[in-house]
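Chemist: Need coordinates for the following:
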Amino acid sequence: MMSAMTLSTPFTKFFCLRHPIALAPMGGSAGGALAAAVSNGGGLGLVGGSMEPVDWVEAQLVIAAEQTDKPWGVGFLSWAADVNTVKRALRHQPRAVMLSFGDPRPFIGPIRDAGAALIIQATDLDEAREAVDIGADVIVAQGTEGGGHGARRGRSTLPFVPAVVDLASPTPVLAAGGIADGRSLAAALTLGAAGVLIGTRFQAAIEALVDPAITKAILEGHGQDTQRSTVLDIARGAPWPAKYPGRSLGHPFLEQWRGREAELAADEAAKRAYQQAVASGEFPPQPVWASEALDLINDIQPAADLVDALATRAEEALARASSSTGKTEATYR
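Modeler: The predicted model follows:
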């Protein structure tokens with residue numbers, strides 16, 4: 001394992017982390033072992049609560065708590081979560097709870113009462129302002145390059161992150177969306193972010209709960225082959241709000257129904273055909289949610305090694321930039 005210098009930011013100081021890297025709480029794949037490995041590597045691991053059964057979530061929280069003594073947390077979908085589920089998760093004493101996609105207000109009281117830090121993801125400036133007004137401890141600014149679900153009418157990471165940084169100051173902001181290597185982390189820091197939230201890159205971690213077919217697709221895929229759509233959610237019967245389509249690798253069913261979402265929603269035979277194709281192995285067991293940074297992902301590693309490598313490469317990138325401009329500042333605020 002490589003050993004990176006410390007990139008000190010308000011985010012690392014708040015959570016006492018070595019590296020300004022957080023694991024996106026990806027539903028189903030970011031389980032307790034992956035979250036613990038990211039935390040043990042010096043980042044902040046977040047278990048994906050998503051729409052998984054509450055017993056599954058609690059089992060993964062137990063694994064996280066048993067496998068690390070470092071800060072870790074859990075993430076939920078605000079539109080899908082239930083207050084009692086969040087309360088049950090809080091009994092496991094996560095250091096942080098992240099809320100995404102929807103109204104976070106019903107969950108804030110229990111989170112504050114439990115003494116957990118509140119992380120809120122924003123996909124546009126209105127959501128960022130709401131997070132500031134609520135008093136989020138950390139705000140995640142998600143650009144449209146990100147894999148999985150995000151804003152239909154959002155902005156790309158490069159212009160969106162500094163806008164949120166300016167709006168939210170002094171609240172720490174994490175950049176998310178299309179971040180998969182140390183150069184991306186370095187770029188986020190120069191934009192004023194206090195760190196990054198990474199999803200797709202950690203899908204190719206040894207500890208990720210990912211079907212081998214999906215891992216293979218991620219390693220072989222290209223960013224240009226990803227696209228954002230609601231087609232696969234409709235086909236699966238996943239009740240995601242239409243304002244948050246998902247970015248996935250291209251898919252025959254997606255191509256067939258693109259632009260015909262309303263027709264698909266009313267076509268029960270088509271949806272059954274999709275489910276049958278999944279059951280027979282013709283289609284992947286889940287959509288291959290993936291960011292535009294797929295071209296930067298070409299191997300599978302232990303998550304702790306990934307965290308260390310990301311931080312090391314970011315230090316190298318920042319050192320190169322500093323030497324070219326004559327600057328030597330090593331702490332990013």
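Chemist: the longest helix in the chain is where?
Modeler: helix 303-325 (DSSP state H).
Chemist: Could you list every helix and strand in contact with that helix?
Modeler: strand 21-23, helix 32-40, helix 182-190, helix 200-203 (3 or more C-beta pairs under 8 Å, 6 or more residues apart in numbering; DSSP states H and E). All C-beta spots, glycine's among them, are computed from the backbone N, C-alpha and C.
Chemist: who's in contact with the shortest one?
Modeler: Strand 21-23 is contacted from outside by 11, 30, 34-35, 38, 42-46, 174, 185, 195-199, 202, 303, 307, 310-311, using C-beta atoms under 8 Å, 6 or more residues apart in numbering.
Chemist: Strands of the protein, residue ranges please.
Modeler: 21-23, 45-48, 72-77, 96-100, 117-122, 138-142, 148-149, 173-176, 195-198, 226-229, 246-249 (DSSP state E).
Chemist: sorry, back to before: mean neighbour count, the helices and strands packed on helix 303-325: which tops it?
Modeler: strand 21-23 (a mean of 31; mean count of other C-beta atoms under 10 Å).
Chemist: same question for that strand, mean pLDDT?
Modeler: Regarding strand 21-23, the rounded mean pLDDT is 98.
Chemist: Next: stretch 141-150.
Modeler: 95.
Chemist: quick one on the thing from earlier: distance to residue 85 for the helices and strands packed on helix 303-325 - can I get that in a markdown table?
Modeler: Below are those laid out as a markdown table (distance: least, C-beta to C-beta, whole Å):
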| stretch | distance to residue 85 |
| --- | --- |
| strand 21-23 | 20 |
| helix 32-40 | 16 |
| helix 182-190 | 31 |
| helix 200-203 | 23 |
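Chemist: what ranges do the helices span in the stretch 151-300 of the chain?
Modeler: Using DSSP state H, counting those that start in this stretch, the helices of the stretch 151-300 of the chain run over residues 157-168, 182-190, 200-203, 212-220, 231-236, 252-257, 261-265, 268-279.
Chemist: Retrieve the pLDDT associated with residue 333.
Modeler: So, for residue 333, pLDDT stands at 49.
Chemist: picking that back up, can the strands of the chain go into TSV with extra columns for distance to residue 323?
Modeler: Formatted as TSV, the strands of the chain follow (distance: least, C-beta to C-beta, whole Å):
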stretch	distance to residue 323
strand 21-23	24
strand 45-48	33
strand 72-77	36
strand 96-100	35
strand 117-122	34
strand 138-142	29
strand 148-149	37
strand 173-176	24
strand 195-198	23
strand 226-229	35
strand 246-249	36
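Chemist: closest to residue 80 out of the helices of the stretch 151-300 of the chain?
Modeler: helix 231-236 (12.2 Å; C-beta to C-beta).
Chemist: contacts for that closest one?
Modeler: Against helix 231-236 from outside (C-beta under 8 Å, 6+ apart): 238-240, 245-246, 248, 251, 253-254, 257-258, 261, 264-265, 270-271, 274-275, 287.
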